[in-house]
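[1] quick one, structure for this:
(one chain, ligands or ions: 1)
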Amino acid sequence: MSDDLFQRIPAAARALLKAVSNLAEKQGVVLYIVGGFVRDLKLGISSTDYDLVVVGDAVKLARALRKSYGGDLRVHKRFGTANWTVTSVKSNLVQTLQDFADEAINISELPELLDFVTARSESYTQPAALPKVQPGDMQADLARRDFTVNTFALPLSEAVSEILSVPEAQQDLDQGLIRVLHDQSFIDDPTRIFRAVRYEQRLGFEIEPHTLELLQAALPYIAELSGDRIRHELDHIILEVERIAILERLDDLGVLAAIDQDLVLNATVRAGLGRLPGDTENADMAYVTWLAYLPQEDIQRIAARLQFSTELTEASLAASKLKSDLPDLSEASPSQLVKCLEHVPDLALKAMTYVLEDANQKRLVENYLNDWVDIKARADGHTLKERGLEPGPRYKEILTTLRSAWLDGEVSTPEEEEVLLERLLND
Ligand code: ATP
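    Sure, this is the predicted structure:
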């Protein structure tokens with residue numbers, strides 16, 4: 001085990017990793033923590049992505065852990081992967097793990113989840129298709145990875161002390177460079193185009209010149225990717241704090257246009273995405289904010305290409321429609337506005353508070369969300385029935401008229417509503 005890097009891991013997580021490596025040793029397998037976790041550890045950034053590679057059977061190790069310590073296990077037998085969630089057993093774990101710790105450990109430093117992968121090699125038979133996978137050694141596992149700085153593997157087994165990586169990894173990390181491992185990399189898997197830009201902007205690195213040439217040459221292969229795989233990459237990007245810088249770089253490189261010619265980044269979109277909370281966890285909200293400025297037919301096409309859910313497609317279309325309708329509604333009464341807004345999905349309405357630049361239009365949507373949506377007449381269907389009105393279309397007319405009267409300030413007390421109701425019933 002390489003001590004100084006390992007010591008940078010929070011004490012509770014260190015104890016947990018020791019417990020895991022203890023079981024790995026009993027099973028006679030070697031265990032590494034790899035990828036972004038080690039990259040970030042070296043950069044002094046804390047990471048919550050505990051990616052563990054087992055040179056041997058990862059599923060068997062994860063099962064033994066659950067047996068010894070509890071928690072929840074999700075296994076993908078076919079891929080030789082498992083994730084072990086410890087959230088529900090954290091407080092018991094802290095006491096058990098104290099034996100593996102050299103200092104008092106703190107429950108808040110325990111990771112929620114450990115990911116286990118069986119070391120494997122990959123081969124690509126076709127551009128942009130998923131690879132063929134077979135068990136391999138640790139070097140083969142590193143050779144399948146995207147960028148040099150993601151190839152560090154820190155051994156967790158007592159018997160092994162050497163940190164593994166591809167040869168250029170440390171130098172690229174020191175110089176802040178994103179470099180692919182081989183010239184075919186972006187063609188094998190064009191999702192790496194998105195990943196390269198995401199890491200570059202997040203870490204303040206630079207894509208090294210030859211990698212940049214390869215990236216640009218591989219842009220036509222984006223067309224071969226499934227919508228799901230592209231959206232999965234965009235989901236990550238759109239939730240990054242640096243989302244605007246990443247999207248700008250993707251736009252400059254022609255990556256967004258390679259998804260769809262109209263998926264460009266303009267000042268309106270930049271401003272809208274800039275108004276989203278930096279740490280938003282709602283990717284759908286970010287997509288609606290991004291697409292609302294586009295005409296309906298462009299949204300339909302992009303939503304189909306990215307395999308959006310029906311809910312997300314409908315919210316994006318509704319937001320775009322509302323954006324073009326709102327300028328004509330500036331003089332409308334509250335009840336007229338409610339009529340327009342009450343059928344708009346909540347997601348679209350909330351996104352409008354980021355999309356809209358005009359303060360008056362924004363206030364209308366906020367008024368609806370904060371106040372008007374809750375304003376209802378006192379009377380309801382039961383009231384009308386009790387007053388002897390035959391069920392039928394009049395019910396809806398009367399209740400809508402009463403609600404409109406409240407919304408527009410024509411009625412402001414139950415007594416005034418009663419007077420109006422009486423008049424409507426007598427009409
Ligand atoms: P983040 O810091 O965003 O969590 P990460 O580096 O932990 O990123 P993951 O997406 O969790 O990345 O993937 C874990 C590791 O798996 C990466 O560090 C990388 O080595 C490898 N990896 C992920 N996706 C690919 C890919 N498309 N091609 C090759 N290697 C990949």
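[2] going forward, measure contacts and count neighbours with C-alpha atoms only.
    Will do.
[3] is the helix or strand where residue 193 lies in proximity to the ligand?
    Element membership for residue 193, per DSSP states H and E: helix 191-203. Yes - where contact is defined by CA under 6 Å from any ligand atom, part of helix 191-203 touches the ligand, namely 191-192.
[4] give me the contact list for that helix.
    Residues from elsewhere that reach helix 191-203, judged by CA atoms under 8 Å, 6 or more residues apart in numbering: 146-147, 177-178, 185-186, 205-207, 215, 222, 225, 229-230, 233-234, 237, 240, 242, 245-246, 249-250.
[5] from the residues you listed, which are also near the ligand?
    residue 146.
[6] buried subset of the contacts of helix 191-203 as a PyMOL selection?
    This is the PyMOL syntax for the buried subset of the contacts of helix 191-203, where burial follows 16 or more other CA atoms under 10 Å:
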select buried, resi 146+147+177+178+185+186+205+206+207+215+222+225+230+233+234+237+240+242+245+246+249+250
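[7] now do the helix holding residue 193, average pLDDT.
    Helix 191-203 carries an average pLDDT of 98.
[8] tell me where the stretch 251-400 of the chain is predicted with low confidence.
    Residues of the stretch 251-400 of the chain meeting the criterion pLDDT under 70: none.
[9] what about the residue of the stretch 201-350 of the chain found nearest the ligand, which helix or strand?
    Closest to the ligand within the stretch 201-350 of the chain is residue 236: 7.4 Å, counting by CA to the nearest ligand atom. Element membership for residue 236 (DSSP H and E) is helix 227-238.
[10] what angle do the helix holding residue 193 and helix 227-238 make?
    Counting by axes from the mean of the first three to the mean of the last three CA atoms, to 10 degrees, helix 191-203 lies at 10 degrees to helix 227-238.
[11] who does whichever helix or strand comes after helix 191-203 pair up with?
    Once helix 191-203 ends, the next helix or strand along the chain (criterion: DSSP H and E) is strand 206-207. Here strand 206-207 has these sheet partners by DSSP bridges: strand 177-178 (parallel).
[12] what packs against the very next helix or strand once past the partner strand?
    Following strand 177-178 in sequence order, the next helix or strand is helix 185-188 (DSSP H and E). With contacts taken as 3 or more CA pairs under 8 Å, 6 or more residues apart in numbering; DSSP states H and E, helix 185-188 sits against helix 191-203.
[13] the helix it packs on: which residues count as buried?
    Residues of helix 191-203 classed as buried under the neighbour-count rule (16+ other CA under 10 Å) are 191-201, 203.
[14] quick one: contacts for residue 55?
    29-31, 118-119, 136-138.
[15] and the stretch 151-300 of the chain, which residues reach the ligand?
    Going by CA under 6 Å from any ligand atom, the residues of the stretch 151-300 of the chain near the ligand are 151, 191-192.
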